[in-house]
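Below are the sequence and a predicted model; questions follow.
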Amino acid sequence: MPALQFYNSLSRQKEVFQSLIPGKVGLYVCGPTVSGESHLGHARPFITFDIVYRYLRHLGYQVRYVRNITDAGHFEEEGRESEDKISKKAALEKLEPMELVQKYTNLFHWAMREFNNIEPSIEPTATGHIVEQIVMIQKIIADGYAYEANGSVYFDVEKYHRHFGARNMPYGILSGRVLDDQLETTRELESQEEKRNKADFALWKHAAPEHIMRWESPWGEGFPGWHIECSAMSTKYLGDEFDIHGGGMDLQFPHHECEIAQSAVCNHKIPARFWLHNNMITINGRKMGKSYNNVIKLSELFSGNHEILTQGYSPMTVRFFILQTHYRSTLDFSNEALQAAERGLRRMWEAFTQLNKFEVSGDVVTAGDLDLEAHCFGVLSGLEADMNDDLNTAKVLAGLFELVPVINSIKDGLISKDALTSSTMRMMKEMFNTYLVDIFGLKEEKKQDDQKLSAVLGLIADIRRDARARKDYATSDKIRNQLLSAGIQLKDEKDGGVSWELV
RNA sequence: GGUCCUGUGGCCGAGUGGCUAGGCAGAGCUCUGCAAAAGCUUCUACAGCGGUUCGAAUCCGCUCGGGACCUCCA
């Protein structure tokens, strides 16, 4: 069995994963900025790294999964204005910053639960770690890689690059950018005159009077800069060097590059061994993002309440949609694609439900159909290798889909129950459960286990069966059609039974 | 302008130098009182041109198209 490999953005190639401490993994993922409601694009990293988390645990690792909440404002530069994003929005909505932050944090948590993402081990907030950030900045200043200017503190990228480049940690090691180019092309920004070089980035910003979020610091009242929170919190909870750092590709530069520089100064190491980046969700080929005015918020996505949506899509449909693509490929949104995912998931889930109902006798040792046995066993045996190959969830799902006709055929009696050995049947049940439920985190969405509804429908199905036996099709069709219009679909099974499904 | 990624059939998407990806949609057939579901079969592919090779969607080059990052961004 091939060992688990991840594509490491740092080395730009797949590498076999080995944890720094045997049996334990430290995982840090950049969390949301809670200045607004999460949209479809945000769903991807959190689902992707939920799979990473689940899979590592499945493999037996004890994982500490840290995902921060960015609740202290980052900057928003538009033209000449430079305002704290959160305080700006807060002014518009006439809310206290922390009230706004709480509101969107709650919404974020709601969305994560809807997606069935396991909550991280630690979910630290930026505002809760101001002290740690200040200490880190002081250390960087003391080492000579940052300077103060008018109450703000900037990281000296050029000096860092000169010194740490010689130690194989140049600025640009992650993103592949060349600093000289940066110096030429960085856009003109506010406070630029405070910086020694255009590429320098803020560690601490002096708070203008209108800023609501502000903290005391050795440099006066202000607030932390763009990148220091992740360095401070990942160091605090995972140490100077940990296993995996994840996030969206758009964070690779400058955010993660800056994190590396900050941590390298303080801890003399690149903070993480593996850097994993998920690709973007696009809409009409364009990245979903505020600046493109093409975002679909998660609440809109679920409800269908958005002009470009022809219907709502359930959280599990979205999750399945995301899993059907490799995480490093762009994924293009369209109603057609989501509907395909919805139907595909239903088909998969019905087969899975059916599979769980099969009794495995335990005494079939010789397969009745050797070709089929070999086929099923081959598919099942290959799943782990696909998963280990940089989490090819798309390929795993394709493999599981190959077994769906087998399950359905057994159910319909088209394939004998003795066609497969008991061990293969058991393996199939186990693998479906392991992948769909444990690793992919899919779950039943429509509650069919309502006892009272089941009793009523059982009765109705009985009545209809009697009507059909009398060839009273007017009655049987009336029952079926009316139930269908009420959202309940009856299906006459091959064995004479009736099953029902909420649609 | 700089750095990088990408172009697969109606749609979404996986992919190893030679072996059917898969899903959705379409068509035919089977089962069925009809329907739904299901099963079987099946049509549309690897942007274009050239090169390497016994053989390339898969490697190389060029052309054209799309995108990301360079600025907060998942």
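Yes, it's here.

Who is the residue in chain A that RNA strand B sits nearest to paired with across the strands?
Nearest to RNA strand B, among the residues of chain A, is A:Gly248, at 1.8 Å (Cβ to the nearest atom of the strand). For the C-beta atoms, the positions are set from N, CA and C on the backbone; glycine is no exception. When bridges are called by DSSP bridges, A:Gly248 pairs up with A:Asn278.

so what pLDDT did it get?
Listed pLDDT for A:Gly248 reads 95.

I figured it hits A:Asn278, correct?
Yes: here A:Gly248 reaches A:Asn278: they are 5.7 Å apart, a contact under Cβ atoms under 8 Å.

Of those two, which one has the most company?
Set A:Gly248 next to A:Asn278 and count neighbours by other Cβ atoms under 10 Å: A:Asn278 wins out with 26 against 21.

okay but the more buried one is in contact with A:Asp250, surely?
No: in this structure A:Asn278 lies outside contact range of A:Asp250 using Cβ under 8 Å: 9.8 Å.

what is in contact with these two at once?
In terms of Cβ atoms under 8 Å, 6 or more residues apart in numbering, A:Asn278 and A:Asp250 are not both contacted by any residue.

Apart from its neighbours in sequence, what residue is nearest A:Leu298?
Distances taken as Cβ to Cβ, 6 or more residues apart in numbering place A:Ala111 nearest to A:Leu298, at 4.7 Å, with adjacent residues excluded.

Would you indicate which residues of stretch A:196-210 are buried?
Using 16 or more other Cβ atoms under 10 Å as the test for burial, stretch A:196-210 gives A:197-207.

mind exporting it as CSV, just the C-alpha atoms?
C-alpha atoms of stretch A:196-210 as CSV (Å, rounded to 0.1, in the frame of the first residue of the first chain):
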residue,chain,number,x,y,z
ARG,A,196,11.6,51.5,4.2
ASN,A,197,10.6,49.3,1.3
LYS,A,198,7.4,48.8,-0.5
ALA,A,199,7.4,45.0,0.2
ASP,A,200,7.5,45.6,4.0
PHE,A,201,4.3,44.6,5.7
ALA,A,202,2.7,45.8,8.9
LEU,A,203,3.0,43.9,12.2
TRP,A,204,1.2,46.6,14.2
LYS,A,205,-0.8,49.5,13.1
HIS,A,206,-1.3,52.8,14.8
ALA,A,207,-5.0,53.3,15.4
ALA,A,208,-6.5,56.5,14.0
PRO,A,209,-9.0,58.1,16.3
GLU,A,210,-12.0,56.7,14.4
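
Give me the mean pLDDT for that stretch.
Here stretch A:196-210 scores 88 as its mean pLDDT.

ok, now how distant is the residue nearest to A:Val295 when sequence neighbours are not counted from A:Pro209?
Among residues not flanking A:Val295 along the chain, A:His39 sits closest, at 4.1 Å (Cβ to Cβ, 6+ apart). As for A:His39, its distance to A:Pro209 is 33 Å (criterion: Cβ to Cβ, to the nearest Å).

How about A:His58?
As judged by Cβ to Cβ, A:His58 and A:Pro209 stand 53 Å apart.

same check, this time on A:Ile173
39 Å.

now swap in A:Leu436 and tell me
For A:Leu436, the distance to A:Pro209 - Cβ to Cβ - is 55 Å.

buried stuff in stretch A:339-358?
Going by neighbour count (16+ other Cβ under 10 Å), the buried part of stretch A:339-358 is A:341-342, A:344-346, A:348-352, A:354-355.

any residues touching the helix or strand where A:Glu384 lies, and which ones?
In the assignment (DSSP states H and E), A:Glu384 maps to helix A:370-388. Applying Cβ under 8 Å, 6+ apart, the contact partners of helix A:370-388 are A:1-5, A:55, A:367, A:392-393, A:395-396, A:399-400, A:402-403, A:406, A:415, A:419-421, A:424, A:427-428, A:431, A:435, A:439.

Kindly recompute the last result at 7 Å.
A:1-5, A:55, A:367, A:392, A:395-396, A:399, A:402-403, A:406, A:419-421, A:424, A:427-428, A:431, A:435 (Cβ atoms under 7 Å, 6 or more residues apart in numbering).

What is the distance between that helix and the centre of its chain?
The chain centroid and the centroid of helix A:370-388 are separated by 27 Å under Cα atoms, centre = their mean, to the nearest Å.

same question, stretch A:41-54
That offset, for stretch A:41-54, works out to 2 Å (Cα atoms, centre = their mean).

Just the CA atoms of it, as PDB, please.
Below are the C-alpha coordinates for stretch A:41-54, written out as PDB (Å, rounded to 0.1, in the frame of the first residue of the first chain):
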ATOM      1  CA  GLY A  41     -16.000  29.800  -1.700                       C
ATOM      2  CA  HIS A  42     -15.300  29.700   2.000                       C
ATOM      3  CA  ALA A  43     -16.900  26.300   2.200                       C
ATOM      4  CA  ARG A  44     -14.100  24.600   0.300                       C
ATOM      5  CA  PRO A  45     -11.100  24.900   2.600                       C
ATOM      6  CA  PHE A  46     -13.200  24.100   5.700                       C
ATOM      7  CA  ILE A  47     -14.600  21.000   4.100                       C
ATOM      8  CA  THR A  48     -11.300  20.100   2.500                       C
ATOM      9  CA  PHE A  49      -9.400  20.300   5.700                       C
ATOM     10  CA  ASP A  50     -12.200  18.600   7.600                       C
ATOM     11  CA  ILE A  51     -11.400  15.600   5.300                       C
ATOM     12  CA  VAL A  52      -7.700  16.000   6.100                       C
ATOM     13  CA  TYR A  53      -8.500  15.900   9.800                       C
ATOM     14  CA  ARG A  54     -10.900  13.000   9.500                       C
END
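
Contacts for it, please.
By Cβ under 7 Å, 6+ apart, the surrounding residues in contact with stretch A:41-54 are A:27, A:29, A:32, A:63, A:65, A:112, A:115, A:117-118, A:246-248, A:278, A:280-281, A:288-289, A:298, A:318-319, A:322, A:327, A:391, A:393, A:438-441.

Recalculate using a threshold of 6 Å.
If you take Cβ atoms under 6 Å, 6 or more residues apart in numbering as the criterion, stretch A:41-54 is touched by A:29, A:63, A:65, A:115, A:117, A:246, A:248, A:278, A:281, A:288, A:319, A:322, A:327, A:439.

Would you mind stating the distance between A:Lys471 and A:Ala461?
With distances taken as Cβ to Cβ, A:Lys471 is found 17 Å from A:Ala461.

can you check A:Thr70 too?
In this view, A:Thr70 and A:Ala461 are 53 Å apart by Cβ to Cβ.

Quick check: which element contains the residue nearest to A:Leu174 when sequence neighbours are not counted?
Of all residues not flanking A:Leu174 in the chain, A:Glu257 sits nearest, at 5.1 Å (Cβ to Cβ, 6+ apart). Using DSSP H and E, A:Glu257 falls within helix A:257-267.

In three-state terms, label A:Gly60 for me.
Secondary structure state of A:Gly60, per DSSP: H, G, I helix; E, B strand; the rest coil, is coil.

do you know how far it is from A:Met387?
According to Cβ to Cβ, A:Gly60 and A:Met387 sit 14 Å apart.

Tell me how many other residues crowd the residue nearest to A:Leu174.
Residues near A:Glu257, counting by other Cβ under 10 Å, number 22.

Help me confirm that it comes into contact with A:Arg177.
No: using Cβ atoms under 6 Å, A:Glu257 makes no contact with A:Arg177, being 7.3 Å away.

before we move on, back to that, quick one, phi psi at the residue nearest to A:Val295?
Main-chain torsions, A:His39, degrees, to the nearest 10: phi -120, psi -180.

Also the one 3 residues further on?
Summarising the backbone geometry of A:His42 under the convention degrees, to the nearest 10, its torsions are phi -70, psi -20.

Next: the one 4 residues further on.
Per-residue torsions, A:Phe46: phi -70, psi -30 (degrees, to the nearest 10).
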